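Novice: starting from these lines, generate the structure:
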Amino acid sequence: VEVCNAGSCNLGAPVTCDDGLACTDDICNEAAEMCENPAKTCSGPGLSGLCLEPSGDCACSGSLKKVQVDIVTDNYPGETTWTVTDKCGSAGAILSGGTYSDANSPFSKNVCAAAGQYEFKIDDTYGDGICCSYGQGSY
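Specialist: Numbers count the residues shown, from 1 in each chain. Okay, here's the model as predicted:
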């Protein structure tokens, strides 16, 4: 019998509940003393409901395409914000991020969007940018 402890199911040595698939949620059910791996939920605006292996990304529906922003914060993550704005339609900001609390850390965010013209804008409230005097931030 496996026993759950701090998110892992254990039988002597710890055994992780990770089934190795990106399209499942890995859950240690302490009440049932077993691992559960239900399919990842890919529902929301513009999503097809399909999860893609090996990345675990949710597929966009129809002609929509994934717009993704990857950012690494600098030493002062609370100064950083960003937006992706629809320049041709009336959607306004379709994606945004910040402020952050973890310094020198990667963050990723995505959305499904129609073909169009979009503007990415990043802001550092102190005005010294996110690289290079105060950390190696990037986007």
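
Novice: starting at the chain centroid, how far to stretch 20-33?
Specialist: 19 Å (CA atoms, centre = their mean, to the nearest Å).

Novice: mind checking the end-to-end distance for that stretch?
Specialist: 20 Å (CA to CA, to the nearest Å).

Novice: immediately after the least confident helix or strand in the chain by mean pLDDT, which helix or strand?
Specialist: Least confident helix or strand of the chain, by mean pLDDT, DSSP states H and E, is strand 13-15 with a mean of 51. Note on strand 13-15: by DSSP states H and E, the next helix or strand toward the C-terminus is strand 27-29.

Novice: for that next one, packing partners?
Specialist: For strand 27-29, the elements it packs on are strand 34-36, judged by 3 or more CB pairs under 8 Å, 6 or more residues apart in numbering; DSSP states H and E. The C-beta positions use only the backbone N, C-alpha and C, and glycine is treated the same way.

Novice: partner strands of the strand it packs on and their direction?
Specialist: strand 27-29 (antiparallel) (DSSP bridges).

Novice: pLDDT on the strand it pairs with, on average?
Specialist: Averaging pLDDT along strand 27-29 gives 80.

Novice: any regions of the protein where pLDDT drops low?
Specialist: The chain contains residues with pLDDT under 70 at 1-15.
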